[in-house]
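Asker: Need coordinates for the following:
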Amino acid sequence: MYIRKASRTYKGKTYSNYLLVESILTPKGPRQKVICSLGDLSPRPKHDWLALAHKLESALRGQPDLVNSADNAELQRLVAKVKSSAVAPSQRLPGAAAADEELVAVRVDGVRCEESREAGPVHVGCQFWRRLEVDPILEKAGLSEGARRLTLAMTLNRLIHPTSELAMPEWIRCTALPDILGVDFTELVEDSLYRNLDKLHEHRVAIETALADRERNLFALDQTVFLYDVTSTYFEGRAVGNAKAKRGYSRDHRGDCKQVLVGLAVNREGFPLAHEVFAGNRHDSTTLEEMLRALDQRVGLRSDQTVVVDRGMASAENLKKILAQGRHYLVAEPYAARKDWTAEFQDSGEFAPVEREPSPRNPFQKKSTIQVKMRRVGPETHVLCLSSERKLKDRAIRELHETRLLADLEKLKKRVAKGKGKGTKPAEVRESMGRLKERYPRVARYYHMEYDDAKRTFAYHLEESQRTEAEELDGSYLLKTDREDLSAEEAWRIYTLLTRAEAAFRTLKSPLAERPIFHHKECRVEAHIFLCVLAYHLLTAIEKTLLDAGVHTSWATVREQLKTHQVNTIVLPTDGGMELRIRKATTPEPVHQELYEKLGIGAETMRPHRSLAHAEQAPK
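Answerer: Residues are numbered from 1 along each chain as shown. Okay, here's the model as predicted:
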């Protein structure tokens, strides 16, 4: 608001009246709306008019504590006058609005656009944050309003443009998140984000439990199949302050770094149900019992549920633990177990083909041919599977490993024949033989290696029968379950859902940048991983919504397409030395509008804000 002087001459005498005016935006452009006549303000200097208008605006908005006590009497009189003079729009006479407005002449050469901020991706993230009711969940867990806002900002950073806590405040300020939330992040520093991680850590279980329940009701998710897998995430640095940071088998091929294991259970739709962080040197099979307890606590296990795990966790002891809790299991058996079924795999008469549906992500992708058959042995059902694609893959891997093994065998043979230098002593040669068997376990069993101590010679030869037997089993794998109500095809389809857990790990590691971890404190490491899981909840909900709407695309593609929907400040300089500043979002392009409609959210990212001030007083 501001004050404008109006003059009128009557019978040779000039009368002055001071109007309280507000700038509004109309379809025809910015206009001035007269709020009320303030009478004669001639005793007050002209340079105080703007300050008086600002104080009057604050008082009308119910902020009397911001009013200077010296001006109280006059302001209260003016507030009363404004309220008594206000006329409802429905009571105005035709043409009254036009009489209150005044055209504003704009200097076109001075029009500019400032403070452009990316709005589309953060708008979608905020809308799904509300749809999943994460804020009430955090509030119920005991987090303050400030902590909830920081958690939202940090989660969206993971979802959209993952950075370290050091760089995160600047990223937040470079988006439209302050405009959408109505929060000033100017003074935000990384220490606040670190402290927020510490607050999140103690509430992880409660938040994860409530979130899984909300998603189950929102998307009508099936809770009868749990897919569990484990991956590793490595550290940068020594991580001496974390007892779980250990060296172990690294899925990231970073055996030189300490790591932790992350166990994740998802349902058949890919929504995360529970996760746990384990020491980096543990074997996958030792984590299953703890995950079953976590699932029981957060989701609730029932007798009609089936736990699906890969062959690395399919030990007899683990299967007994699953059965002891009254659950079912469906697992892949070790590759060595296929030898006992060689004849069955070679008998193609009873195999039945599986009708495969097009991939939701790539409907035109060529699918491999799958054949299955079932055999019941005692209390267990075995499903024999043949895959044309896996057959080609098994053969290619074996040929690659065999080529590398033969090259290393020749190197060892030449080194022994040389008879001197490092690695030619009998103990060293036998150690090299053992390392080759360890390095190439898939193909080393086809070759018989022999070292003669007396002659100091090394030789090897191929066991043709063993390689032929392996070739006959190319493309085959074996499943096992205690359920009797499944057909061979149903068992195969349930097992292939395990790829959802693998896809979750790929998403957590790459798009959401879970790795590498730079935190060293155990609590912050677990909170960092939890933040990535929170972002994955949003990502899965977004992709599930698009998939239900018939849009087969990933969040990464959506994010790139929405980047061009922004929030800007449009500055319009007038010929009276004033500047009209309008803060609003750009008009959504057709691609933006279509995505918003498919996601079921509005295209309005924020309510426009207007301000009119003298050019020298306008914020720069």
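Asker: What residues sit buried inside the strand or helix carrying Lys199?
Answerer: Here Lys199 sits within helix 190-201, counting by DSSP states H and E. Neighbour-count burial for helix 190-201 flags Ser192, Leu193, Asn196, Leu197, Lys199, Leu200, His201 (criterion: 16 or more other C-beta atoms under 10 Å). (Each C-beta comes from the backbone N, C-alpha and C, glycine too.)
Asker: Next: stretch 594-609.
Answerer: For stretch 594-609, the neighbour count (16+ other C-beta under 10 Å) marks Leu595, Tyr596, Lys598, Leu599, Ile601, Thr605, Met606 as buried.
Asker: Now, those residues that are in helices?
Answerer: Among those, the members falling in helices (DSSP state H) are Leu595, Tyr596, Lys598, Leu599.
Asker: From these, pick the one nearest Leu538.
Answerer: Closest approach between those and Leu538, by C-beta to C-beta: Leu599, at 11.7 Å.
Asker: Now that closest one: closest residue in space, sequence neighbours ignored.
Answerer: Spatial nearest neighbour of Leu599, chain neighbours left out: Thr545 (5.6 Å); criterion: C-beta to C-beta, 6 or more residues apart in numbering.
Asker: same thing with Gln371?
Answerer: Spatial nearest neighbour of Gln371, chain neighbours left out: Phe351 (3.9 Å); criterion: C-beta to C-beta, 6+ apart.
Asker: check contacts around Ala6.
Answerer: Listed by C-beta atoms under 8 Å, 6 or more residues apart in numbering, the contact set of Ala6 reads Ser16, Asn17, Tyr18, Leu19.
Asker: mind checking the longest strand of this structure?
Answerer: In the chain, assigned by DSSP state E, the strand with the most residues is strand 13-26.
Asker: Helix or strand next in line after the helix or strand bottoming out on mean pLDDT in the chain, which one?
Answerer: Within the chain, no helix or strand scores below helix 96-100, which has a mean of 39 by mean pLDDT, DSSP states H and E. Note on helix 96-100: by DSSP H and E, the next helix or strand toward the C-terminus is strand 112-118.
Asker: In this protein, spot the helix with the most residues.
Answerer: The chain, longest helix under DSSP H: helix 388-418.
Asker: quick one: buried residues of it?
Answerer: In helix 388-418, counting by 16+ other C-beta under 10 Å, buried: Arg390, Lys391, Asp394, Arg398, His401, Glu402, Leu405, Leu409, Leu412, Arg415, Val416.
Asker: again, but for stretch 512-531
Answerer: Using 16+ other C-beta under 10 Å as the burial criterion, the residues of stretch 512-531 that qualify are 512-515, 517, 519-522, 524-531.
Asker: How far does that stretch stretch from one end to the other?
Answerer: End-to-end distance of stretch 512-531 (C-alpha to C-alpha, to the nearest Å): 10 Å.
Asker: Report the distance from that stretch to the chain centre.
Answerer: Centroid displacement of stretch 512-531 relative to its chain, using C-alpha atoms, centre = their mean, to the nearest Å, is 14 Å.
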